[in-house]
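Enquirer: Sequence first, predicted coordinates after that:
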Amino acid sequence: MRPRNQDMQDLMQCSSSISLRALKEGSLLPLSPDSEVYRFTWMPSFHVPRSIRVEHRGNVYSLHVKEEGKDEGTLAIDRRILLTPTQWQALQQHLEEARFWTLDRFASPRSVVYVDGAQWLFEGGWEGRYRALDIHSPDPDGRAAPFYNLGAFLVELAGIPMTEGALY
């Protein structure tokens, strides 16, 4: 851990942009009026980044999962699956439990920058609004547990095999 300063904060934002570019993920905006979209980007220290984007457009629910490949500019995983309305409702429940749209902000209890662990970036777009929350390695038993549960749910929904303890 190191004290957070503006340079370190800028570096973290830059690394998020680099990961999203490597995953060939563009901006969630602009959104069409009849759509709702969420993206979870997991950027761990010792594993390749992954993104899971879920969308509701009209009456179609879909999930798009990507994993960065070993060679620059490649993706090891790039697949889209259709979701059921029941799966979409389960996602909505996780978002509500995390208070994704109503939480004023989520801040680490201390003003620090972590140099190990994983960056969890949650983004959402709905009804003309955009929201992003960046959480460092949420503790499944701590106050960030709803975000851990949301990320774990999306990983399971995407069919990404994870050994116990691998999602950090």
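Expert: Here it is on my side, so go on. Every value quoted in this text rests on a predicted model; they were computed, and no experiment measured them.
Enquirer: Enumerate the strands of this protein by residue range, in sequence order.
Expert: For the chain, applying DSSP state E gives strands covering 2-3, 35-44, 50-57, 60-68, 75-82, 112-113, 118-126, 129-136.
Enquirer: possible to save these as TSV with mean pLDDT?
Expert: Output for the strands of the chain, formatted as TSV (pLDDT from 0 to 100):
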stretch	mean pLDDT
strand 2-3	42
strand 35-44	96
strand 50-57	96
strand 60-68	97
strand 75-82	96
strand 112-113	54
strand 118-126	95
strand 129-136	92
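Enquirer: got these as JSON lines, with distance to Ala144 and mean neighbour count columns?
Expert: C-beta: built from backbone N, CA, C; applies to glycine. Formatted as JSON lines, the strands of the chain follow (distance: least, C-beta to C-beta, whole Å; neighbours: other C-beta atoms under 10 Å):
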{"stretch": "strand 2-3", "distance to Ala144": "20", "mean neighbour count": "9"}
{"stretch": "strand 35-44", "distance to Ala144": "14", "mean neighbour count": "21"}
{"stretch": "strand 50-57", "distance to Ala144": "18", "mean neighbour count": "21"}
{"stretch": "strand 60-68", "distance to Ala144": "22", "mean neighbour count": "19"}
{"stretch": "strand 75-82", "distance to Ala144": "26", "mean neighbour count": "13"}
{"stretch": "strand 112-113", "distance to Ala144": "15", "mean neighbour count": "14"}
{"stretch": "strand 118-126", "distance to Ala144": "9", "mean neighbour count": "20"}
{"stretch": "strand 129-136", "distance to Ala144": "6", "mean neighbour count": "16"}
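Enquirer: list the contacts for the most centrally placed residue in the chain?
Expert: Centroid-nearest residue in the chain, with C-alpha atoms, centre = their mean: Phe40, separated by 1.6 Å. Applying C-beta atoms under 8 Å, 6 or more residues apart in numbering, we find Phe40 in contact with 51-53, 120-123, 150-151, 154.
Enquirer: next one: Leu150
Expert: 40, 94-95, 97-98, 100, 122.
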